[in-house]
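S.K.: missing the sequence, but the structure's below:
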């Protein structure tokens, strides 16, 4: 073997050594990644059902965890994004039913602070006396859900360890807002109905209640919610758009709702976030002051149902909510939801 051949052989040996080293490094990296993934997944599983509940509402990584944890994926198959999305929706649909208090508008663990809307409506309407010892505030938000303001409201509620009742408009309930609705439930809030159309002309022609239209919209809203949240979900709480006190001849409409085991409720306190422009607060502190003044107008301040809104235009409400909650806590209120 001459010198040139010997040199070529040495180069081939060096190349083979480099390849072996590169393969070894690659195997090491893959092993490390797999190990980290396994440890992370095992840790997540140990965190329990409470974490799994929250996982439904957050991001791709959490959704992947849900799918993996429930053995929904065949790892030998390549899934399209649409197929993964469908699997995710089916898992949420199937498992949210397990956690919903059957025939109710909240998850089972919220039962301790869920109060009958009919009873609370009678108290704030002066038809019944409150005999409890606690001061209870019911934070309520009309006109959602959406992806702009509602998530901000939920973030603040979670941060402040408070809960609320969301009066949703049926036409906004569907696949596009499923994640918001599921999050409302799994974070311990309640979902109530605020008509399907929110169209005053349909609901109250010439300011008189159209009982058949109201019945139709209650049924439409219920169906829309059950399609998203499962057949065990049932909301027995309704708020008339504009408030019961604003319209005429509501007895027939009240009766059809009652026949559906649905109770209407207004409010006895508000931040003023939907008042006419001439008297609507324009600052966060103004919303809190408006609320305090409305509370003091009640003969008994023990029970307050607070009207607010989570429509896309209500950024000021989202900004002020933390202060609203702190203000109510300072006055000794605990937070309840309406069922």
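M.R.: Received it, and whenever you're ready, just let me know what you need. Note that this is a predicted model, so its numbers are computed, not measured.

S.K.: which other residues reach the host helix or strand of residue 156?
M.R.: With secondary structure defined by DSSP states H and E, residue 156 is part of helix 150-159. For helix 150-159, contacts defined as C-beta atoms under 8 Å, 6 or more residues apart in numbering pick out 139, 141, 144, 163-164, 166, 180, 183-184, 187, 189, 310, 317-318, 321-322, 325. Bear in mind the C-beta positions are built from the backbone N, C-alpha and C, glycine included.

S.K.: Pull out the buried residues from that helix.
M.R.: The neighbour-count check on helix 150-159 (16 or more other C-beta atoms under 10 Å) flags 150, 151, 152, 153, 154, 156, 157 as buried.

S.K.: From the chain's centre, how far out is whichever helix or strand comes after that helix? Work that out for me.
M.R.: Under the assignment DSSP H and E, the closest C-terminal helix or strand after helix 150-159 is strand 164-168. On the basis of C-alpha atoms, centre = their mean, to the nearest Å, strand 164-168 sits 9 Å off its chain's mean C-alpha point.

S.K.: now strand 164-168: mean pLDDT?
M.R.: Across strand 164-168, pLDDT averages out at 98.

S.K.: Can you pull the phi/psi pair for residue 308?
M.R.: Per-residue torsions, residue 308: phi -140, psi 180 (degrees, to the nearest 10).

S.K.: who touches it in this structure?
M.R.: So residue 308 contacts 139, 140, 141, 142, 270, 271, 273, 314, 317, 321, 324 (C-beta under 8 Å, 6+ apart).

S.K.: For it, list each beta-bridge partner.
M.R.: residue 141 (DSSP bridges).

S.K.: any idea how far it lies from residue 203?
M.R.: As judged by C-beta to C-beta, to the nearest Å, residue 308 and residue 203 stand 21 Å apart.

S.K.: Then residue 335?
M.R.: Distance of residue 335 to residue 203, computed by C-beta to C-beta: 30 Å.

S.K.: in the stretch 101-250 of the chain, which spans are strands?
M.R.: 114-115, 135-144, 164-168, 190-193, 237-238 (DSSP state E, counting those that start in this stretch).

S.K.: So which of these is nearest residue 280?
M.R.: strand 135-144 (15.0 Å; C-beta to C-beta).

S.K.: and residue 160, how many neighbours does it have?
M.R.: 16 (other C-beta atoms under 10 Å).

S.K.: Also the one 5 residues further on?
M.R.: The criterion is other C-beta under 10 Å. On that basis, residue 165 has 29 neighbouring residues.

S.K.: ok, now which ones touch the residue most central in space within the chain?
M.R.: For the chain, the residue nearest the mean C-alpha position is residue 184 (1.8 Å; C-alpha atoms, centre = their mean). When the contact criterion is C-beta under 8 Å, 6+ apart, the partners of residue 184 are 145, 150, 154, 166, 190, 191.

S.K.: Would you point out the most distant pair within these?
M.R.: Among those, 150 and 190 lie farthest apart (C-beta to C-beta), at 14.0 Å.

S.K.: Is residue 282 in contact with residue 315, as I believe?
M.R.: No: at 11.8 Å, residue 282 does not count as touching residue 315 under the criterion of C-beta atoms under 8 Å.

S.K.: Between those two, tell me which one has more neighbours.
M.R.: The neighbour count for residue 282 versus residue 315, taken as other C-beta under 10 Å, is higher for residue 315 (12 against 9).

S.K.: coming back round to it: which one of the contacts of residue 308 sits closest to residue 234?
M.R.: residue 140 (18.6 Å).

S.K.: burial count for that closest one?
M.R.: 27.

S.K.: I'd guessed it sits against residue 167; true?
M.R.: Yes: under the criterion of C-beta under 8 Å, residue 140 makes contact with residue 167 at 6.1 Å.
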